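Asks: Build me a model:
(chains A and B)
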Amino acid sequence: MRNLIRSVLLFVMAWGGVAAFYLWAGAEFLAFAQVLVYIGAVSMVTLFAVLLTRPRDQPDLVIEPPARARAAAGITIGACVAAVLIPAIWGQGLPATDRPHPPSAVLLLAGGADGTARRRPPDRRLHSHRRPARRRRAGVHPLIRRTGGRAMSPLHLCLIFSALLFCIGLAGALARSHAILVLLGIELMLNAANLNFIAFWRYGPPNAGSGIVFVLFAIAIAAAEAAVGLALVIAIYRHRQSVRLQQAAQLKG
Amino acid sequence: MSASVSVLLPPLAAGQVGDSALLERLPLMARDLLTAGLSEPWRWLANSLITIGAVIVIFASLFALLTLVERKVLGRVQNRPGPNRTGWGGILQPLADGIKMLTKEDIVPRSADRLLHFLAPVTLLALSVITFAVIPYGRHLVPVELDAAVLYFFAAGAATELAIFMAGWSSHNKYSLLAAMRALAQLISYELPLLLAFVPVIMLAGSLSTTAIVAAQGGWLWNFIPQWHVLTPPGFAGFVIFMVAALAESNRSPFDLPEAESELIAGHLTEYSGFKYALFFMAEYFGMCALSGMAVTLFLGGWQAPLPVLEFVPSYLWFAAKLLLVLLGFIWIRATFPRLRIDQLTRLAWKFLVPLALINLGTAAFWSLTHDWAGPMQLVRWGGVSLAPSSDVRRPRPGHQRGIAPRTYRYA
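Replies: I've put the predicted structure just below:
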């Protein structure tokens, strides 16, 4: 797997996984937008950039392992952030109301009549056996309920998952010195933030469409950022015959 | 996926004649008869599998028929008989081709990335097949009803680019890779006008769901003019842009540069042989059928009959007739136009089609905002909408390279 093209193709699968998460959460419009923008466009731009910046002296597109100190520093920082984020999420009392009918993204965007989907999304709850009791209690305390660090709601799991994704992206962006891989790390962090938006949209107060709109803007901005960033990478490569970030440390050329 | 395969028979719509309603529901009734003895989750599964099987079988046989029809029509246009030796008048030619492809040796280059080399045709075919899921084939025949069906269709279509890149890169052949990058440049360029061309339809119908878009095209003006989107000015412009972009997206002549068989060897398919090559070929035809089906759904009224008196013909037959008409148009265009050069191809997309599609977007907004203008204002409405696209046609400036001028190699 020390091949840059294979890494990017696997990374595309991660984007597909994020689209699958959106589908699960009931935001199908966003899921298809994610596939259209990331798998259809950003992945192509990334692959083109990889092919256009291949090192002259190497026969194939092999990823060099990062310098040991850099890698250690990146992974340590990523782990530290994870160590801060995950307990913080764990101890948080979060609204855990699963909306009975999540608003359909399309209807919301088109300013639909009531903003409710025709069908409810597939109900793959992570703790289905605990669910009825919680719903009864949610009837007493409408939105907010302390988890007390023991029971976990699906929202907690979503947030922890996205925090892990964010930390992986952070570690990757810090540990790598290949400019394209750093950009991919940043993309991963952006996607983690989008996961948060959708998780809060699904488990937050009903009839709020703002989470989806935020993610739509984030996807558009991430696509533009990828295009601009990769154009910069190609410009640096043409100038210095290398995409190492350490060698692009000065503006004077 | 929040999808529901319609399991139960939908209730009779008001105003349907008994006979035509029976014909309309015949496929669904046959399916329900087959799965009547099963209990609920299994019945749902069996129904879904039957739907998938039917779609694949119908489009696979359409693919076989289409290869023969294409060769016959091309032969007729070029004043030669076409394939006429296998079976009666060449009717068994697709079968012979299939056997030939299946029995050929499957060669994988020694230095190829074997996994990706295998995955590329599989991914491409899978992605082309799943686009068939959201096309409404008849009044009650939609395999999967999604709220964002149109977006789903084009998302699956856009993901096929990945498979083309995989094919070019995994072959470990510089010509394959270059051809794949060229093909991708073409696909990405024409993705934009393709997506922009159907936005007016979304604005007019007010929905991304294919069933709602077809339903919005029902009814007749003065009892004989169908209200299809192609008959509105923004819809017509959108249809033309859509068809040009669809030709390019499905690698059809005159945009068949990715595998221009008289110039290149086979583009990104150079290192593919035997059954894998057949899969690529099949995916290309599936893509063409799916895009034609989407064009019929978005612009040509889907399964709606063209005249009220013709409503007794079941809706799926109308869909099939329109689909075949569009496909014959594709073949006709292939026989008529010469191939474009790569610079003409990209110029057509970026400097003509994309601005035209954007203007058309504004026109569509004007058109849908002014739908209640009456009397002389109707003339203003039609005039404004008809004149708007002419702003995309630029006068030739001296020294400015036109599409048909000899090529100057500025960067070479």
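
Asks: For the rest of this, base every contact and every neighbour count on C-alpha atoms.
Replies: Noted.

Asks: helix/strand/coil for residue B:76?
Replies: helix (DSSP: H, G, I helix; E, B strand; the rest coil).

Asks: scratch that, residue B:201
Replies: Judged by three-state DSSP, the three-state class of residue B:201 is helix.

Asks: before we move on, which element is residue 238 in?
Replies: No chain in the question, so chain A it is. Taking DSSP states H and E as the definition, residue A:238 sits inside helix A:210-240.

Asks: wrong chain, I was asking about chain B
Replies: In this structure, residue B:238 is located in helix B:233-249 according to DSSP H and E.

Asks: Between helix B:233-249 and the helix or strand following that helix, find me the angle.
Replies: Using DSSP H and E, the helix or strand that follows helix B:233-249 in sequence is helix B:274-298. In this structure, helix B:274-298 runs at an angle of 180 degrees to helix B:233-249, with axes from the mean of the first three to the mean of the last three Cα atoms, to 10 degrees as the basis.

Asks: Flag every residue of chain B that's near chain A.
Replies: Within chain B, the positions near chain A by Cα under 8 Å from any Cα of the partner chain are B:1-3, B:147-148, B:151-152, B:154-156, B:158-162, B:181, B:184, B:188, B:206-208.

Asks: picking up where we left off before, are there helices or strands packed against the helix holding residue A:238, and which ones?
Replies: Other elements packing on helix A:210-240 under the criterion 3 or more Cα pairs under 8 Å, 6 or more residues apart in numbering or on different chains; DSSP states H and E are helix A:28-34, helix A:43-52, helix A:179-203.

Asks: which stretch among the ones you listed comes nearest chain B?
Replies: Proximity to chain B, assessed across the helices and strands packed on helix A:210-240 by Cα to the nearest Cα, is greatest for helix A:28-34 (5.4 Å).

Asks: and that closest one, does that touch chain B?
Replies: Yes. Judged by Cα under 8 Å from any Cα, helix A:28-34 and chain B are in contact via A:28-29, A:32-33.

Asks: Who are the packing partners of that helix?
Replies: Packed against helix A:28-34, as judged by 3+ Cα pairs under 8 Å, 6+ apart, are the following elements: helix A:4-25, helix A:105-109, helix A:210-240, helix B:149-170.

Asks: which of the ones you listed sits most buried?
Replies: helix B:149-170 (a mean of 24; mean count of other Cα atoms under 10 Å in any protein chain shown).

Asks: shouldn't residue B:122 be in contact with residue B:279?
Replies: Yes. Distance between residue B:122 and residue B:279: 7.5 Å, which falls inside the contact criterion (Cα atoms under 8 Å).

Asks: Point out the most buried one among the helices and strands packed on helix A:210-240.
Replies: Highest mean neighbour count of the helices and strands packed on helix A:210-240: helix A:28-34, a mean of 25 (counted as mean count of other Cα under 10 Å).

Asks: what's the spacing between that helix and its chain's center?
Replies: For helix A:28-34, the separation from the chain centroid amounts to 14 Å (computed by Cα atoms, centre = their mean, to the nearest Å).

Asks: same deal with stretch B:169-183?
Replies: Centre to centre, stretch against its chain (Cα atoms, centre = their mean), the figure for stretch B:169-183 is 25 Å.

Asks: contacting residues around the spatially most central residue of chain B?
Replies: By Cα atoms, centre = their mean, chain B has its centre lying nearest to residue B:291, at 0.8 Å. Residue B:291 is in contact with residue B:246, counting by Cα atoms under 8 Å, 6 or more residues apart in numbering or on different chains.

Asks: mind showing which ranges of the chain have poor pLDDT?
Replies: Picked chain A for this. Counting by pLDDT under 70, the ranges of chain A that qualify are A:1, A:57-66, A:93-152, A:207, A:252-253.

Asks: switch to chain B, that's the one I care about
Replies: Within chain B, the segments meeting pLDDT under 70 span B:1-20, B:392-412.

Asks: Kindly recompute the last result at 50.
Replies: B:1-17, B:412 (pLDDT under 50).

Asks: which residues in it form strands?
Replies: B:220-221, B:225-226 (DSSP state E).

Asks: I'd like these laid out as JSON lines, including mean neighbour count and distance to residue B:268.
Replies: Conversion of these to JSON lines gives the following (neighbours: other Cα atoms under 10 Å in any protein chain shown; distance: least, Cα to Cα, whole Å):
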{"stretch": "strand B:220-221", "mean neighbour count": "12", "distance to residue B:268": "47"}
{"stretch": "strand B:225-226", "mean neighbour count": "17", "distance to residue B:268": "43"}
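
Asks: The ones you listed into JSON lines, with extra columns for distance to residue A:243?
Replies: Compiled in JSON lines, those are given as follows (distance: least, Cα to Cα, whole Å):
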{"stretch": "strand B:220-221", "distance to residue A:243": "62"}
{"stretch": "strand B:225-226", "distance to residue A:243": "59"}
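
Asks: so what's the residue nearest the centre of chain A up against?
Replies: Closest residue to the average C-alpha location of chain A: residue A:191 at 1.9 Å, with Cα atoms, centre = their mean. Counting by Cα under 8 Å, 6+ apart, residue A:191 touches residue A:18.
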